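*Asks:* Have a look at this fold, sequence not included:
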């Protein structure tokens, strides 16, 4: 089946098995490598992408489902210059250690801030509830997101 | 039949045509959020299958106020349910249940239709929908709709009354009035992103501070949520106060003793039920205080 | 320190963080090679079984390149725990096994042109298991009715003693006894195990591995494949977390084998289930503690007996029992003490390093026991610890502790306890905590102390080689075999070199370990040795280089050494013209035919302790058994913090792991050895909403032999929060929960 979707801001038409998981399509067919697989069942959040403007785990989406929709990863946000402030905030706060969960954390953060530019600490924690991190204890990630609020 | 086909109907008519085909084959999955299916196919190593995807059917993604019911499309996501003002007003327990399913990412995809049709014994929205007296609307390959109470539709542990050529298209809950209150609570291994070890939903009708009607369900202690008849009966004509709560706590423990007399999990659940009952009690109390 | 520190102790941003945020960082799973084959292990579904595999159907699938089973691999046993050629232990693993000894044991490898082909091939294998009786858990192993390997399931036993335990207990007014257990823990690095290998044009086998010790991977691979060390080049790639889990080579030998056999690059990827079942776990334990105290609160004698679950292969069975035991002699001043550690084989996933290496186990029950001892005489548990804690020692070369291990050094456990008590407001909280209680919710306070080490000195070779060179453009290249596991090791080394050389850390490049490019290092990134030993090496090498720079400058310009200054990458003197470091390097090459560099083989001369004290307030739900951490303060004796942000990150991350050990994490097997917790939906780690803000306080009083006084932080951080939390839960409930984790079910059971 030919998939028609907007991926990282570009119109993509690509022959692909529509029942393939989105994470595999992104990594294998689109070479979008910021999207990591950590558990394969929507529990760790390291494969989180923006589906239209909402955070979803791409290991629980079928590629056929993105037809006519928009999928965005950190590569796409970076291209549009939307990550300057989050880079600064994450780097300065020490929110990054091994970095493997980080792109997923960034996507969940951006999805939150689109809807809610001024979240409370509780709202931040809830937005990141589906992103596991084993390095930081989350404290500095939450701090980084807090620091991003205008 | 070619494998790995993917059908994305946009209208009811297109869906009916696909259901005709589904009747003939057993490798066709109906899928909405795919949050369960994607895990299932990976775990089982299923490489070839076909899907009918409901997420491109706009009419299944709406929550509508009808004459005496709220009609929820099967492809409405947990996030949408949780945030919906209509649901908050007419089915607060369902909004609460939806808000506690999985993680933010999962709630953005997982649908009420999927949660109900998969009929996991711990499915949070089923308990809430039972309490709210919901019905299921099914569509078959002849284009005929049928509606039945959700409690009859869900048979338990992955089993429903759905036929091979049917799709669950809507969930309907009776409209509430200002004297109706509902609430949901659950306990899992963690505060957030957790599978229910026990969940609880109630729908109460009040006259002044006295309960005139009560529907109370507990999930995750049987193949499907259990209706707590004794507790419901006990509430009728009683005042919603601390004294009643204490009685409910005892009745709750008794319910566990009767529902799962031999399972080792009863030792925990007969105490934990006090927690979910208290949470619901306090939630109803604060809802009533606001008004 | 005489001079004010310019880079040490500061908050300097990680140079690798930006690319990680932007998703540009390539981990091993993101790397590929032309003509690369994909591979995935097939792991046993049975805990103990003779396995027969029919590969015919799988081989016929388009895209499947090879299927390897026991039949195909070298029958050369190895022990994945051996990190150097002298670490002697029985070799009992093969790269693929004929008889599976645990769920997750490696029984086959499928290679294919695509991951899809690999998956199809895996499913087409016909696997028959002839099941054999399985030994699950320590109690079952002790029955000895089924023997896992050799003649007994007891695969190692070690006793450590000091003083006279018998007469010690006779002096005691009270004896407090506790038993308890700790569980198997999954490391839960978000990146699953992965490895890539290729044979280069010179015939070297190159292995890219997110590992902790490149020389260990080289050694184990040389053993397993029976090939020359020098022909194995191991390159440490970016790692998505390890925590000990990627310490022992699991995929590397078989990935190397596959690349050699097929002549093509091979990448093997694990999924989460593989990572939980087929790698390593923290060793579970069953413990008995007996403490004798006087009525004044002095500990006079203690006995600690720990049985460890070693799993199906020997791996770290001896090391874990010894490492745990040593820590029992470091926190409190106990005249007479005996430790007995025994490790048993079971048909479960083998044990391995897991953040803290024995310390989380040995403190888990003993720190609850300490609370019970204080309670026995009505003494405050913090004060009880202060009374019994060790005092700092002056540095004397060759000094030893009670059991002959290197001396504890500038041990600041008392400072941790005293400062923490004050900072947390322990006394005030103790007085008023009960006022918060309701019928449903109980509020409690808990404290725990812990000790950990700084490397292998005293037990195993602990040295490293460094070369530091000034480049013509004034940048500095530091060659040392280090592995950044995400903790910020590279930046730590940059800051140490920067401080000595007075040049911005940005100018310093510290490439990560590569067996063919990095000078030899004896032990890698393990045993909490990196800051203390490798950092010490970098500091000393930088000092040697600095001396050379000054001397060369003096020779060239005819000034005296005391006139020379180095500042911000410039060298000069009062009377001569300043030049940048790069120009001096060029001058040295031109004029003196020498490279402006320093080489050093640095041997660690000490192994001091590090300490922590953790203070916790909790709210426990008497109905649901759920625990909410209201406040947590971690005080760590760090000697000197190198990078404040990194140090806090270590403490907070360590707390996440330790608190999880206390309340929710556990690898569970059923009686037949089937793994019940094979994914994150069943193996619960603490997520953001359940994680409290961890407040940190560092005691920085300098460790004589540490670089700028620094010592280890990261492993210690994962030790004391767990027992502190257990104590906090037991405190208001009046329970004595000593089995980890304190799940809601266990809390409710204890209450009713």
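*Replies:* Received the coordinates, thanks. On a predicted model such as this, the values are computed, not experimentally measured, just so you know. Numbers count the residues shown, from 1 in each chain, chains lettered A, B, ... in the order given.

*Asks:* what secondary structure does the residue in chain C positioned nearest to chain A sit in?
*Replies:* Relative to chain A, the nearest point of chain C is residue C:23 (2.4 Å; CB to the nearest CB). C-beta here means a position set from N, CA and C on the backbone, and glycine is covered the same way. The local conformation at residue C:23, judged by DSSP: H, G, I helix; E, B strand; the rest coil, is coil.

*Asks:* same thing with residue A:13?
*Replies:* Applying three-state DSSP: residue A:13 is strand.

*Asks:* Can you report how many residues lie near it?
*Replies:* Applying other CB atoms under 10 Å in any protein chain shown, we find 8 residues neighbouring residue A:13.

*Asks:* list the contacts for it?
*Replies:* A:2-4 (CB atoms under 8 Å, 6 or more residues apart in numbering or on different chains).

*Asks:* if we go to 10 Å?
*Replies:* Listed by CB atoms under 10 Å, 6 or more residues apart in numbering or on different chains, the contact partners of residue A:13 are A:2-5.

*Asks:* same question, residue B:200
*Replies:* Residue B:200 neighbours (CB under 10 Å, 6+ apart): B:93, B:97, B:127-128, B:131, B:183-187, B:216-220, B:225, B:228, B:252, B:273, B:275-280.

*Asks:* Now, those that are in strands?
*Replies:* Applying DSSP state E to those, the entries found in strands are B:183-187, B:216-219.

*Asks:* and those as CSV, adding pLDDT?
*Replies:* As requested, the ones in strands among the contacts of residue B:200 are arranged in CSV below (pLDDT from 0 to 100):
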residue, pLDDT
B:183, 98
B:184, 98
B:185, 98
B:186, 98
B:187, 97
B:216, 98
B:217, 98
B:218, 98
B:219, 97
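
*Asks:* if we can go back for a sec, of the contacts of residue B:200, select the buried ones using a PyMOL command.
*Replies:* Listed next is the PyMOL selection for buried residues among the contacts of residue B:200, using 16 or more other CB atoms under 10 Å in any protein chain shown:
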select buried, chain B and resi 93+97+127+128+131+183+184+185+186+187+216+217+218+219+220+225+228+252+273+275+276+277+278+279+280
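
*Asks:* What is the burial count for residue 101?
*Replies:* Chain wasn't specified; assuming chain A. Neighbour count of residue A:101, defined by other CB under 10 Å: 32.

*Asks:* Oops, wrong one, chain C.
*Replies:* Neighbours around residue C:101, by other CB under 10 Å: 29.

*Asks:* For it, which non-adjacent residue is closest in space?
*Replies:* residue C:312 (3.7 Å; CB to CB, 6 or more residues apart in numbering or on different chains).

*Asks:* so where do the strands sit in chain B?
*Replies:* Going by DSSP E, chain B shows strands at B:6-7, B:28-31, B:50-53, B:63-65, B:69-73, B:135-139, B:145-149, B:154-156, B:159-160, B:167-174, B:180-187, B:198-207, B:210-219, B:226-227.

*Asks:* now swap in chain A and tell me
*Replies:* A:2-7, A:10-15, A:48-51, A:54-57, A:70-72.

*Asks:* Then the stretch 101-250 of chain C?
*Replies:* C:106-112, C:126-131, C:154-162, C:174-182, C:194-199, C:205-209, C:232-236 (DSSP state E, counting those that start in this stretch).

*Asks:* so which of those strands comes closest to residue A:47?
*Replies:* The closest of these to residue A:47 is strand C:194-199. By CB to CB, the value is 15.2 Å.
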